[in-house]
Structures are given as structure tokens and as C-alpha cells.
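Participant: sequence and computational prediction follow.
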Amino acid sequence: MKGKRIIRNAIRCKHCGDIIESKLSHEFRRCKCGDVYVDGGLDYPRRGFPEHPAENHYEELIEYEK
């Protein structure tokens, strides 16, 4: 979402339940089962998952400044 500042960059893995959060740019975090990751800190949201659709693998928890 261009123009809105990220205040929390996080996801919840639907496989293991881990909530993972990236707070710094290039801070790569993977869940404990290894299926999903989050990256980018407050600069950009990047997600990784095994295959589409993404919603089968993680729940989006990103928050933007209002």
C-alpha cells in the first residue's frame, strides 16, 4: 500500500501457529516449521511460502499507520 507507513510487519503461519515479525529492513524471519517467512521490517512487506495460494499458508498481520 503505497503512501501508508508500515508500523508492524508480521504474519501467522497456518501450519505451526508461529507469529513471526520483521522489525528491521532485511531482517528475514522464518517460522519454526520452516514453511513461511517474513522480511523487510518497516520498509517493505515481503513474504515467502511454498506454493500458491498464499492464504493457505499464512494469515496476514501487517499493520499500517492510520
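Facilitator: Alright, I've got the coordinates.

Participant: from here on, just use CA atoms for contacts and neighbour counts.
Facilitator: Noted.

Participant: how about low-confidence regions in this structure?
Facilitator: 1-2 (pLDDT under 70).

Participant: try it again at 90.
Facilitator: Where the chain drops to pLDDT under 90, the residues are 1-4, 66.

Participant: which parts of this protein are strands?
Facilitator: 6-8, 10-13, 19-21, 29-30, 37-39, 46-48, 58-60, 63-64 (DSSP state E).

Participant: what lies in contact with the fourth one?
Facilitator: By C-alpha atoms under 8 Å, 6 or more residues apart in numbering, the surrounding residues in contact with strand 29-30 are 20-22, 36-39.

Participant: now do the third one
Facilitator: With C-alpha under 8 Å, 6+ apart as the test, strand 19-21 has contacts from 8-13, 29-31, 37-39, 41.

Participant: what would the strands of the chain look like in JSON lines with mean neighbour count?
Facilitator: What follows is those, written out as JSON lines (neighbours: other C-alpha atoms under 10 Å):
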{"stretch": "strand 6-8", "mean neighbour count": "17"}
{"stretch": "strand 10-13", "mean neighbour count": "23"}
{"stretch": "strand 19-21", "mean neighbour count": "21"}
{"stretch": "strand 29-30", "mean neighbour count": "20"}
{"stretch": "strand 37-39", "mean neighbour count": "24"}
{"stretch": "strand 46-48", "mean neighbour count": "16"}
{"stretch": "strand 58-60", "mean neighbour count": "18"}
{"stretch": "strand 63-64", "mean neighbour count": "14"}
